[in-house]
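A.B. asks: sequence first, predicted model second:
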Amino acid sequence: MQVSDSPGDRSHRNEFLKLTLRLVLLCVFLCLLFSGTNTAIGSPGDQASQELLVTAPATFTGMLPCADCPGIEYHLDLFPARYYFMRMTYLERNTHFDEIGRWSVSTNGKKLVLRSGATTKTQFAIREAKILRMLDGNGNEIPTKLNYDLHRAAAFSPIEPRLKLQGSYKYSGARGTFTDCLTGNNWRIVGDQSGAGLQKAYLDARTTAGASLFATIDAKLAAKPKLGGNAIAIDQTLTVAGPFQLNPGGSCPSN
């Protein structure tokens, strides 16, 4: 059988080859695109980290192992302004520790990093937007079958941490505010008797109206969401819960 090789047949074959080449190139492009963005089920990835950022504020809880007690109950609150509250409750010890600081996501989108001061750092692998897995001190997975996962709670329910804070206090416009060193947030001082005592001490010690004075405060913090429009606003308040000290020459530690 003789195959026709007329100009018309050659033209059709050329068009067919061009179309085939375009389809092959399109398939290659799509393979490269999806191989670069998809991650395996259960593994951390950019999509999970983006969901975590978008859905803050969020509360994560879980019971993690303890070396010399039945377990440590973790409660972690993430706020949209990139600060966090964390409480660690040690079972059968009747004690807990509160911590605050700044949170961030690693450049590869796979880790949540909590920093409280210059030396304290805790890291979690972002398994999903609803699961955080605690890592070791070097940021690596802990080789164990024990549970190190925190799960997102159905409702955001922030704790009210109590701890000693350092920062700048000032009283201006009939309002006292405190900017703490750990988060850089401005906290509105609750105007109770203890708050009034801090206000009086400040007015006696200041040399210039509206100037800030460095202070150390035994504080209780509250950050409660207020729904308004399409965004969630956080009402940030500080209650003076114990002794305080003004140090006009003091400053925040270097981070």
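C.D. replies: Yep, it's here.

A.B. asks: list of residues touching stretch 137-147?
C.D. replies: The contact list for stretch 137-147, computed with C-beta atoms under 8 Å, 6 or more residues apart in numbering, reads 62-65, 111, 123, 125, 133-136, 148. For the C-beta atoms, the positions are set from N, CA and C on the backbone; glycine is no exception.

A.B. asks: max pairwise distance over those residues: which two?
C.D. replies: Across those, no pair lies farther apart than Met63 and Lys111, at 21.6 Å, counting by C-beta to C-beta.

A.B. asks: neighbour count winner among those two?
C.D. replies: Lys111 (19 against 15; other C-beta atoms under 10 Å).

A.B. asks: state the pLDDT value of Gln50.
C.D. replies: Per-residue pLDDT puts Gln50 at 67.

A.B. asks: actually, Leu238.
C.D. replies: At Leu238, pLDDT is 97.

A.B. asks: ok, Arg127 next?
C.D. replies: On the pLDDT scale, Arg127 gets 89.

A.B. asks: quick one: low-confidence ranges for the stretch 151-255 of the chain?
C.D. replies: Applying pLDDT under 70 to the stretch 151-255 of the chain flags the ranges 227-231, 255.

A.B. asks: quick one: the strands in it?
C.D. replies: 162-171, 176-180, 186-189, 213-228, 231-246 (DSSP state E, counting those that start in this stretch).

A.B. asks: likewise for the stretch 1-150 of the chain?
C.D. replies: 58-64, 72-78, 83-90, 95-105, 111-116, 120-128, 131-134, 149-152.

A.B. asks: what residues are up against the residue nearest in space to the middle of the chain?
C.D. replies: In the chain, the centroid-proximal residue (C-alpha atoms, centre = their mean) is Trp103; its distance is 3.6 Å. Neighbouring residues of Trp103 by C-beta under 8 Å, 6+ apart: 78, 82-84, 112-115.

A.B. asks: just send these back as JSON lines, with distance to Cys181 and pLDDT too.
C.D. replies: Putting the contacts of Trp103 into JSON lines (distance: C-beta to C-beta, whole Å; pLDDT from 0 to 100) gives the following:
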{"residue": "Leu78", "distance to Cys181": "20", "pLDDT": "96"}
{"residue": "Arg82", "distance to Cys181": "15", "pLDDT": "94"}
{"residue": "Tyr83", "distance to Cys181": "12", "pLDDT": "96"}
{"residue": "Tyr84", "distance to Cys181": "15", "pLDDT": "97"}
{"residue": "Leu112", "distance to Cys181": "22", "pLDDT": "95"}
{"residue": "Val113", "distance to Cys181": "18", "pLDDT": "96"}
{"residue": "Leu114", "distance to Cys181": "16", "pLDDT": "97"}
{"residue": "Arg115", "distance to Cys181": "12", "pLDDT": "95"}
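
A.B. asks: going by distance to Ile217, which of those wins?
C.D. replies: Distances from Ile217 to the contacts of Trp103, taken by C-beta to C-beta, are shortest for Tyr83, at 17.0 Å.

A.B. asks: quick one: the closest residue to Pro158 other than its chain neighbours from Asp204, how far?
C.D. replies: Once flanking residues are discounted, Pro158 sits nearest to Asp77: 4.3 Å by C-beta to C-beta, 6 or more residues apart in numbering. Here the criterion is C-beta to C-beta, to the nearest Å. By it, Asp77 lies 36 Å from Asp204.

A.B. asks: neighbour-wise, which of the two wins?
C.D. replies: Asp77 (24 against 8).

A.B. asks: and the more buried one, how close does it get to Ser157?
C.D. replies: From Asp77 to Ser157 the distance is 8 Å (C-beta to C-beta).

A.B. asks: hey, what's in contact with both of these two?
C.D. replies: In contact with both Asp77 and Ser157: Thr59, using C-beta under 8 Å, 6+ apart.

A.B. asks: and Ala222, how far from Ile159?
C.D. replies: Ala222 is 9 Å from Ile159, by C-beta to C-beta.
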